[in-house]
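**Student:** A structural model of the following input is requested.
(chains A, B and C)
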Amino acid sequence: MVRSSITGKVLRGVAVGALSLAIGATGANAETYHYITAKQPNGPVLQALMDVVAEFKKTHPDFDITLEHIPDRPAYLQKIKILATSGELPELFDADAEPYYEDIVEAGLVANIGEIFDEIGITDKYIPFALDYERFDDGSLWLIPWEANVEYFYYHKDMFEAAGVDPPATIGDFMDVCTTLGESGVTPVSVAGKEGWPMYRYLSMPSWRRMGNEFLDRLKVGEISMGSEAGLEDAQFFQELGANCFQQGFASADYTTALNMFLSGQSAIYYVGTWELHSLLDENSELKDDIAYFKMPIIDENDATGPDDFYAHSGIGTAIRADAATDEMKDFLAFLADRFGDISHHTYGGLPSLKIEVTDEMPQIYKDILADMEAVGEYARVWDVKLDAATVDTLFRQSQLLGLGEITPEQFAEEIDRSIQQYVSGQ
Amino acid sequence: MTSRLKLTTWLPVLLVAIFLVIQLFPVIWVISASLQTPEALARGPSNRLIPDTLYLGNYVRAFDTSPLLQYLLNSTIIAVLTIGLTIILAAPAAYAIEKMRFSGSRIVLNYFLLGLMIPVFVSLLPIFQSLGFFGLRNTYWAVVLPQVGFQLPVAIYLYTSFFRGIPNELLEAASIDGAGVFRTFWSVAVPLSINATITIVVYNFIFVWNEFVFANTFLTNDAIKTLPVGLNDFVSDMGRRDYGATYAAIVVSVLPTVALYLFLNRRVIDSMTAGAVRG
Amino acid sequence: MRKNKLLGTPSWAGWLFVTPALVLFTAVVIVPIGWSFYLSLGAWNGLGKWRFTGIANYLNMLGDTVFRQALLNNIFFSLVGSAVQLVVGMAMAVSLISIARFRNVIRVAYFLPAVISSVAISQIFVQLLSADPEGFINGALKSVGLGSFAQPFLSNTGLTLLIVTLVDAYKFCAIYMAIFYSALVSLDQDVLAAAEIDGANWLQQLFLVRLPLIWATIAASVVLVVSGTLRGFDIPFVMTGGGPGTSSELVSTYMYKTLFRQSNFGYGSSLAIFLVIECLLIVVIIRKAFSATEKTG
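**Tutor:** Residues are numbered from 1 along each chain as shown, chains lettered A, B, ... in the order given. A predicted model of the protein is given here:
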């Protein structure tokens, strides 16, 4: 429905492009695709991608992808927005399936990945949730997924033992574990409050257990209030976490600090996705002796989602500019679907968005993770992707204050509702 | 008399000592931190000013992951071009405004001063598009020209307030001697303004050397990236930063500026002694 | 005003001198602000069509609590930051000219924080101020018996604004040291010698002779520092991201988020225009104040 009048939108896209003058594309020849990425060049995704490109070039000598990487996310987004506004998006760039990217799609600037995947017959080669994560609500797919991530609570076994606690099964247990750990003089949880998303993951857990994705889906269009029962439960839970579980000064801790705290044994629990798995492994690619993990706790048996359902996603995806979806690019994508998964996993230890075979030689942890991915029924949607950017900004500010105990859950709910209302009425 | 002398002797020394400690502190801290192992840094922020280890692996990693020397060269080229062009444009403009007093010169000055009020972000989009139009993107000029534009107001402002202090008689004497406008400017005003010029260079350098927004937006090619943008080479996908390598890169980026300032200071001292001798 | 008889210079010579600077400045700085003003009168996400909304964006500012807080923060940031930079810069310059040796090397040392990039200095201070794991400052407080002051500084909404203000001032105060220093050293030695013979003590010399002589430089510095701090951005953005909550949000950081995170180019541009006008008003007031003191003095 949203994307019904495609031609009109394409025309509008062309008009926007024309507005930015006949500046001309950047590519020197048609087969060189410039890729501006938010990923890091030494990570498994880009390394595997460039290996695949090298293999592909053996049969297509003119094909090439040039990389420009901006790993700092604010700097990356600023640049992409300038480029988009100037009608000069590169052939390939990274994006999340968030409302702004929906605007880019509506402007007709990018290719329909879902249709291309179907056309060249590679849709089935991808792990379903990895594709689904990149889809819009109407089911259309405009981004290539690279990774398959699941998010766990990792913990130090010896610290749990010393405090005499077991991995919590319910959210109530989780709080108790925090209390006991705290009493034994251990910082229970380290969280990177400065990054935003780790806070939203915690915040969203109670409502997601109660209602599944329905809560977020209705919240973002203003059909359900943050001040509703489930919403307030979220806010109360988060406030309690701030008082009871998180490290001192969590609101200003960055990703590295929070992770390092856990890795160096200064916090007992750390919540993170499998993209960070490599930091948690020993030289045999197994989880370090001292580390184990548990999944998102449940509330009780009346939950809408089960213990096997939790956060699973494919991270930031990649868009192809509408005019760059050439036959050659399609050939490449087909080739990519054949090769990327294996190279990414076997050479670089990544967890690719493509299905890979579980082999005996695989480290146990990978087998376990792949089994968990298999078992996921419903996976949780990510708040900072689904909500509009202005609301995410509000969410960021208010979550910090909520966790620090400077505002009440009711005040928190009020601010979030107001922001969403503003967005909805502006649509 | 003697007690007063004592006070005026030790008070400044004490103040200087305190300021020195404060100003040197972060540099000493970062040098010390850059010499610690990643394991030590992972345990928590460094709390030493004298390193207990002399681990050089951070520097090795910094140079491995990132073409720091290339960045250093780029930053230097951009700084030289930017500051040079700023001086070349600002000095005559300020001279004309302050000493030639043509009709409309006050308006021109105020017009330039408007630039002091304008945040750089508003200019990103229009500049980005016009750089593309002129084919300047991904060249040093893509960063140099916008920076010159934003540095001009300050430079002109400082120059005009300096030129105001030059007695008109000096210039008049030159023009009575038969020097034309250009000669008077070049052979009287310019040599007199060496101190102002150094102040302006020093002032501009701080901003130019650390400029991030333009360099990040207008340069897309690794080969011409600058140091401040390069500091992000040590950040991985989800924001994890290699602090050891970052600290090493910070130290590397500070060293050349220290050399430059030592050199400039020598110049200041020289021109001062020259003045003293003349006086 | 002094009459300028200097030149029977024709007006065109003056214009010749200013035109190159004028052209570049106009293209880089003035045209974009005009463009921003245009954008501020409408709604635009950077992709679709620009839609005229009149002064709606400006009206929205009135009811925007984040903006209101950012504005108050900005005034604090600018007032306190400017005062600290000027006073510390002057103290540095004056103490430096009062010592006989090593001025050269000391000035370079003074300059070190200024030449470290803002991103880097912010990261250094974040580490220094860290609470858990314990950073240098908390550790030092505890070891000198001031442990009760130890705390997560950057998560304390009552302190973050002050902290980013001071770090920003710390980074830039050496600039004003340099400006004051070079003005002070170029003072006429004869005048100072005369003052000394008159029996003026050190402080009298400073306040009655030296400072009035460099009054123009001080006035210029006030304008520079105030306009600089009003547009302050990097250090708050990197150190706290404006948070927690809105505790250290400035108009410029809020504008940045509105433009590039929310893609709300209309509202973001109106914030930019507001910033320009705010800056303009304050600078005009400062210059008026200084020209008044110049006349009376």
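**Student:** per-residue confidence for the residue of the stretch 101-250 of chain A found nearest chain B?
**Tutor:** Scanning the stretch 101-250 of chain A for the residue nearest chain B gives A:E195, at 6.0 Å (criterion: CB to the nearest CB). C-beta: built from backbone N, CA, C; applies to glycine. For A:E195, the model assigns a pLDDT of 91.
**Student:** repeat for A:T26
**Tutor:** The model reports A:T26 with a pLDDT of 42.
**Student:** With B:L41 instead?
**Tutor:** pLDDT for B:L41: 88.
**Student:** got it, and C:G199?
**Tutor:** C:G199 is assigned 77 on the pLDDT scale.
**Student:** how close does it get to C:Q205?
**Tutor:** With distances taken as CB to CB, to the nearest Å, C:G199 is found 10 Å from C:Q205.
**Student:** before we move on, what about A:I320?
**Tutor:** As judged by CB to CB, A:I320 and C:Q205 stand 72 Å apart.
**Student:** Stretch C:100-115 near chain B at all?
**Tutor:** Yes. Using CB under 8 Å from any CB of the partner chain, we find that stretch C:100-115 touches chain B at C:103-115.
**Student:** Narrow those residues to just the buried residues.
**Tutor:** When the residues of stretch C:100-115 next to chain B are checked for burial by 16 or more other CB atoms under 10 Å in any protein chain shown, the buried set is C:103, C:106-115.
**Student:** any chance of the residues you listed in a markdown table, plus pLDDT?
**Tutor:** Listed next are these as a markdown table, based on pLDDT from 0 to 100:
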| residue | pLDDT |
| --- | --- |
| C:R103 | 82 |
| C:I106 | 88 |
| C:R107 | 84 |
| C:V108 | 84 |
| C:A109 | 88 |
| C:Y110 | 89 |
| C:F111 | 85 |
| C:L112 | 88 |
| C:P113 | 90 |
| C:A114 | 88 |
| C:V115 | 85 |
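**Student:** Please work out which residue of chain C is closest to chain A.
**Tutor:** Closest point on chain C to chain A, by CB to the nearest CB, is C:P152, at 2.7 Å.
**Student:** Verify the stated contact: that residue with C:G135.
**Tutor:** No. If you go by CB atoms under 8 Å, C:P152 and C:G135 don't touch, sitting 9.8 Å apart.
**Student:** just to revisit the earlier point, among the buried ones among the residues of stretch C:100-115 next to chain B, which are in helices?
**Tutor:** In this view, those that belong to helices under DSSP state H are C:103, C:106-115.
**Student:** Flag the shaky bits of the chain, pLDDT-wise.
**Tutor:** In the absence of a named chain, chain A is used. Counting by pLDDT under 70, chain A shows low-confidence ranges at A:1-30.
**Student:** sorry, should have said chain C
**Tutor:** C:1-9, C:294-297.
**Student:** Chain A contacts on that one?
**Tutor:** C:45-49, C:66, C:126, C:130-133, C:151-155, C:157, C:160, C:240-246, C:257, C:259-265.
**Student:** closest to A:L395 among the residues of stretch C:100-115 next to chain B?
**Tutor:** C:P113 (34.7 Å; CB to CB).
**Student:** so that closest one touches C:I124, yeah?
**Tutor:** No. Under the criterion of CB under 8 Å, C:P113 lies out of contact with C:I124, with a separation of 9.3 Å.
**Student:** between these two, what contacts are shared?
**Tutor:** When CB atoms under 8 Å, 6 or more residues apart in numbering or on different chains defines a contact, the residues bordering C:P113 and C:I124 alike are B:P26.
**Student:** Torsion angles phi and psi at C:P152?
**Tutor:** According to degrees, to the nearest 10, the main-chain angles of C:P152 amount to phi -80, psi 90.
**Student:** Point out the residues in the stretch 301-427 of chain A that sit beside chain B.
**Tutor:** When proximity is defined as CB under 8 Å from any CB, the stretch 301-427 of chain A approaches chain B at A:G315.
**Student:** Can you show me the strands along the stretch 301-427 of chain A?
**Tutor:** Ranges of strands in the stretch 301-427 of chain A, per DSSP state E, counting those that start in this stretch, are A:312-313, A:317-320.
**Student:** After the helix or strand hosting A:D234, which helix or strand is next? Please name it.
**Tutor:** Assigned by DSSP states H and E, A:D234 belongs to helix A:229-244. Using DSSP H and E, the next helix or strand after helix A:229-244 towards the C-terminus is helix A:255-263.
**Student:** Residues contacting that following helix, please?
**Tutor:** With contact meaning CB under 8 Å, 6+ apart, helix A:255-263 is reached by A:154, A:156, A:187, A:190-192, A:194-195, A:198, A:247, A:250, A:253, A:267, A:269-270, A:272, A:276, A:279-280, B:41-44, B:238-241, B:243, C:130, C:132-133.
**Student:** May I see the buried residues of that helix?
**Tutor:** Using 16+ other CB under 10 Å as the test for burial, helix A:255-263 gives A:255-263.
**Student:** And those, which is closest to A:Q239?
**Tutor:** Nearest member of the buried residues of helix A:255-263 to A:Q239, counting by CB to CB, is A:A258, at 19.0 Å.
**Student:** Could you measure from B:R61 over to chain C?
**Tutor:** 17 Å (CB to the nearest CB, to the nearest Å).
**Student:** C:S143: how many residues sit nearby?
**Tutor:** Neighbour count for C:S143, taken as other CB atoms under 10 Å in any protein chain shown: 10.
**Student:** So what's the residue count around the residue nearest to A:I320 when sequence neighbours are not counted?
**Tutor:** Spatially, and ignoring its direct neighbours in sequence, A:I320 is nearest to A:A111 (4.4 Å; CB to CB, 6 or more residues apart in numbering or on different chains). Counted with other CB under 10 Å, residues neighbouring A:A111 total 21.
**Student:** Let me see the contact set for the residue in chain A that chain C sits nearest to.
**Tutor:** Using CB to the nearest CB, A:G249 is the residue of chain A that sits closest to chain C, at 2.7 Å. Residues near A:G249 by CB under 8 Å, 6+ apart: C:130-132, C:152-155.
**Student:** what residues does the stretch 301-427 of chain A put near chain C?
**Tutor:** Residues of the stretch 301-427 of chain A that fall close to chain C, judged by CB under 8 Å from any CB: A:388-390, A:392-393, A:396-398, A:400-401, A:404, A:406-407.
**Student:** These into TSV, with extra columns for neighbour count and distance to C:T253?
**Tutor:** Compiled in TSV, these are given as follows (neighbours: other CB atoms under 10 Å in any protein chain shown; distance: CB to CB, whole Å):
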residue	neighbour count	distance to C:T253
A:D388	22	19
A:A389	21	15
A:A390	21	15
A:V392	21	16
A:D393	21	11
A:F396	24	12
A:R397	23	12
A:Q398	27	17
A:Q400	28	15
A:L401	23	17
A:L404	24	19
A:E406	19	19
A:I407	21	21
